[in-house]
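Asker: Kindly generate the corresponding structure for this input.
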Amino acid sequence: MTLHVIILAAGQGTRMRSSLPNVLHPLGGKALLAHVIDTARQLEPASIHVVYGHGGAQVRQALAHEPVDWVEQKEQLGTGHAVDQVMPLLPDKGSVLVLYGDVPMIGARTLAPMLEQVRAGALSILSAKVADPHGYGRIVRATHGGLAAIVEQKDATPEQLRIDEINTGFVAAPVSRLRHWLANLGNDNAQGEYYLTDIVSMAVADRVPVHSVTAPDSEEILGVNDRVQLAQLERLYQRRQAERLMRAGVTLADPGRFDVRGELVAGSDTFIDVNTVFEGRVQLGGGVRIGPNCCLKNAVLGDGVEVLAHSVIDGARVGAACRIGPFARIRPETELAGRVHIGNFVEVKKSRVGDGSKVNHLSYIGDTQMGAGVNVGAGTITCNYDGANKHLTQIGDDVFIGSDTQLVAPVSVGDGATIGAGTTVTRDVPAAKLTLSRSPQKTVEGWQRPVKQPK
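Answerer: Now for the predicted structure:
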C-alpha cells in the first residue's frame, strides 16, 4: 500500500514569544520541522505534504530545499481541518501517516508498526504511558481493552483525567477511510475545532479495527511549545548524540557539556573535552584529541590530530598528526598536510600548508601556498589584500621566515630561503639565500633620556 505522509506545521506557537515560526526553532542546529521531514523520508513514502499557516512564507523559504509539497491552511480550525487540506491531493488507494512539525524526536522505528497495522486495514494511533498526562488527550478503552475514543484534556471528565495513557497525535489510516471520517467531523467541543482524534470513535462505529502502538520511549513524543521545552529537548537530543559517540569508542570528558549542531562522525579513541561545539558536518579520525571550548564546523580531521583549547576550525581539512592551538583559527578553504603545527593566536585562511611546516605564534597566513618543512616566525603576516583584490603568496619547501615579517602579495619565496626578522618582502625571494630589509643599527653616543623637571 502506497504511503503518503502529512506533517502538520501550521501552528503559531504563541508561547515561544518569537517572530520565528515555531517549527523553525533549532534543535541540534536544525529546524524542528527538518528533523520531522528527515524521519518521514526514512519511511520512503510516495509523497510528503507539509501543512503550513503561520509564518508560511518564512517556513517555505527556510526549507525550500526539502523535497516536500507545501499545502496552506488559511484558517487554523484544528488538526482535522489541517489534514483535510491535503486530502484532495491523495489517491484513495494508499495510506496516510500524520506527523507533527514541532515533535522532532519521533523515530522511524517507532512509526513502522503503525504502517503494518494500516496495511491490514486498521486505523492505527501512537499512544504512550506517562507519569503526568496533563495537557494530553486521553486514550479511552472499552471493557475488552480495545480503543473506544480519544478525549481531549478540556473535554475530559474527572474520571478520564486520571487515565495515564495519552494520545501522541500520530495517526495512520487508509486514505479512503480517512477521507470519509474527515468529511463528517464536527466542532462541538470546548475549543470549537475539528479534532483529528474524533476519527477514532467514527472508526469504532464503522467497525473498522482500531489498534495502537505504544511508544517505547516517551521522549520521542515530546513537543515544543515554549523555550523551556525547547531547552529541555535540546539536552535530551545532545545526550543521545553523546551516547551514540561513546558507544562508538569516543571519550567525552562530560557528556552534559557537549553539543552537536549537525552531524559528527568520529573514530575510536578520540577524546573530546568540555564545551566543544560541532556544527555542520564534522569528521574526526581515530585518536583525535579536542581541547575545551573549541568550535569545529564543516571540518575533516585526520588521525591523531590534537586541537588545543579555544580553537576554531571552519571549513578546513586537517591532515594526520597536526597540532592546532591554543587560540588558533583555521578558516574555510584551508588544507593542512600531515604533522603541521598551527600555534597560539594564529589565523590561517584559504591556504595550503605543507607537511611538517610550523606557524606557531601570532601570525596571519591568508591566500598562501606553503611547502613542506617551513618555519614561520612569530608575528609574520601575509599581506594578501590590496583593498580591492586578494593576491597569492607562494612559499617553497624548507623556508625559514624570521619573526615580524610581512609578505606583500603577490610574492614568491624560493625553496630553502631564509628571511631575516623584521623584513618587509615586496619582491620575489630567491631560493637558498638570505633576504632582509633592515635599516642599519646605530648607537648615538652622548645621548641622554629626557628627565621630567620637578614642579
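Asker: which residues touch Leu264?
Answerer: For Leu264, the contacting residues are 241, 245, 278, 282-284, taking Cβ atoms under 8 Å, 6 or more residues apart in numbering as the criterion. Where C-beta positions appear, they are placed from N, C-alpha and C, glycine not excepted.
Asker: what's the answer for Thr435, then?
Answerer: Here Thr435 is in contact with 417-420, 423, 425, 429 (Cβ under 8 Å, 6+ apart).
Asker: Closest one to Tyr52 out of those, please.
Answerer: If you rank the contacts of Thr435 by distance to Tyr52 using Cβ to Cβ, Val425 comes first, at 57.9 Å.
Asker: which residues pair with the closest one across the strands?
Answerer: Bridge pairing for Val425 (DSSP bridges) gives the partners Leu407.
Asker: Restrict the helix or strand of the chain with the lowest mean pLDDT to CA atoms and write it as PDB.
Answerer: Taking mean pLDDT, DSSP states H and E as the measure, the helices and strands of the chain show their lowest mean at strand 147-151, namely a mean of 85. Only the C-alpha atoms of strand 147-151 are listed here, as PDB (Å, rounded to 0.1, in the frame of the first residue of the first chain):
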ATOM      1  CA  LEU A 147      -9.700   1.600  21.800                       C
ATOM      2  CA  ALA A 148     -13.100   3.300  22.100                       C
ATOM      3  CA  ALA A 149     -12.300   7.000  21.800                       C
ATOM      4  CA  ILE A 150      -9.700   9.800  22.500                       C
ATOM      5  CA  VAL A 151     -10.900  12.600  24.800                       C
END
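Asker: Give me the sheet partners of that strand and which way each runs.
Answerer: Strands adjacent to strand 147-151 in the sheet, as given by DSSP bridges, are strand 138-141 (antiparallel).
Asker: what is the mean pLDDT for the strand it pairs with?
Answerer: Averaged across strand 138-141, pLDDT comes to 90.
Asker: Likewise for stretch 392-402?
Answerer: Model confidence over stretch 392-402 averages 98 on the pLDDT scale.
Asker: cool, stretch 109-129 as well?
Answerer: The average pLDDT within stretch 109-129 is 94.
Asker: So what touches that stretch?
Answerer: 1, 3, 39, 43, 95, 97, 99, 139, 147, 150, 164-174, 177, 199-200, 203, 208-218, 220-221.
Asker: where exactly do the helices run in the stretch 251-400 of the chain?
Answerer: With DSSP state H, counting those that start in this stretch as the definition, the stretch 251-400 of the chain shows no helices.
Asker: what about the longest helix in the chain?
Answerer: Using DSSP state H, we find that the single longest helix of the chain is helix 227-247.
Asker: I'd say Val96 and His4 touch.
Answerer: Yes: look at Val96 against His4 with Cβ atoms under 8 Å: they come within range, at 5.3 Å.
Asker: Now for these two: what residues contact both?
Answerer: Contact criterion Cβ under 8 Å, 6+ apart; residues shared by Val96 and His4: 90, 175.
Asker: what about Thr418, neighbour count?
Answerer: Here the count is done by other Cβ atoms under 10 Å, and Thr418 has 18 residues near it.
Asker: looking at the sheet around it, what are its partners?
Answerer: As assigned using DSSP bridges, the partners bridged with Thr418 are Phe400, Leu434.
Asker: Adjust the sequence numbering to begin at 3 for everything that follows.
Answerer: Right, with 3 as the first residue, what we last looked at is Thr420.
Asker: contacting residues for it?
Answerer: When contacts are counted by Cβ under 8 Å, 6+ apart, Thr420 touches 401-402, 404, 435-437.
Asker: Please list only the buried members of the residues you listed.
Answerer: Among the contacts of Thr420, those buried by neighbour count (16 or more other Cβ atoms under 10 Å) are 401, 404, 437.
Asker: Let me see the contact set for the first one.
Answerer: For Val401, the contacting residues are 373, 376-377, 415-421, by Cβ under 8 Å, 6+ apart.
Asker: on that earlier part again, what's the following helix or strand after the least confident helix or strand of the chain?
Answerer: Later in the chain than strand 149-153, the nearest helix or strand by DSSP states H and E is helix 160-163.
Asker: Show me the contact partners of that following helix.
Answerer: The set of residues external to helix 160-163 that reach it, using Cβ under 8 Å, 6+ apart, is 135, 140, 142, 153, 155.
Asker: Could you rerun that using 10 Å?
Answerer: The set of residues that contact helix 160-163 without belonging to it, under Cβ atoms under 10 Å, 6 or more residues apart in numbering, is 135-136, 139-142, 151, 153-155.
Asker: List the buried residues of that helix.
Answerer: For helix 160-163, burial by neighbour count (16+ other Cβ under 10 Å) applies to Gln162.
Asker: Show me which pair in the contacts of helix 160-163 is furthest apart.
Answerer: Taking Cβ to Cβ as the measure, the contacts of helix 160-163 span a maximum distance of 19.0 Å, between His136 and Ala151.
Asker: coming back round to it: so which of the contacts of stretch 111-131 sit within helices?
Answerer: Here DSSP H is the test, and those give 41, 179, 201-202, 205 as lying in helices.
Asker: Go through those residues and say which is closest to Asn189.
Answerer: Nearest to Asn189 among those, counting by Cβ to Cβ, is Ile201 at 13.8 Å.
Asker: mind checking pLDDT for Gly389?
Answerer: At Gly389 the predicted local confidence, pLDDT, stands at 93.
Asker: and Tyr138, how far is that from Ser129?
Answerer: Counting by Cβ to Cβ, to the nearest Å, the gap from Tyr138 to Ser129 is 10 Å.
Asker: got any residues that touch both of those two?
Answerer: Shared between the contact lists of Tyr138 and Ser129 (criterion: Cβ under 10 Å, 6+ apart) are residues 152, 167-170, 223.
Asker: so which of the residues you listed comes closest to Glu308?
Answerer: Relative to Glu308, and with distances defined as Cβ to Cβ, the nearest of these is Ile223, at 41.7 Å.
Asker: quick one on the thing from earlier: which pair of the ones in helices among the contacts of stretch 111-131 spans the longest distance?
Answerer: For the ones in helices among the contacts of stretch 111-131, and using Cβ to Cβ, no pair is farther apart than Thr41 and Ala205, which are 24.9 Å apart.
Asker: Tell me the spacing between Gly123 and Asp166.
Answerer: 29 Å.
Asker: same check, this time on Thr41
Answerer: Separation of Thr41 from Asp166 (Cβ to Cβ): 26 Å.
Asker: More neighbours: which of the two?
Answerer: Using other Cβ under 10 Å as the criterion, Thr41 and Asp166 rank with Thr41 on top: 22 against 13.
Asker: Setting aside sequence-adjacent positions, which residue approaches that one most closely?
Answerer: The shortest distance from Thr41 to any residue other than its chain neighbours is 5.4 Å, reached at Ala110 (Cβ to Cβ, 6 or more residues apart in numbering).
Asker: how about the one you found, phi and psi?
Answerer: In this entry, Ala110 is assigned phi and psi values of phi -60, psi -40 (degrees, to the nearest 10).
Asker: If anything else comes up later, I'll come back, but that's it for now.
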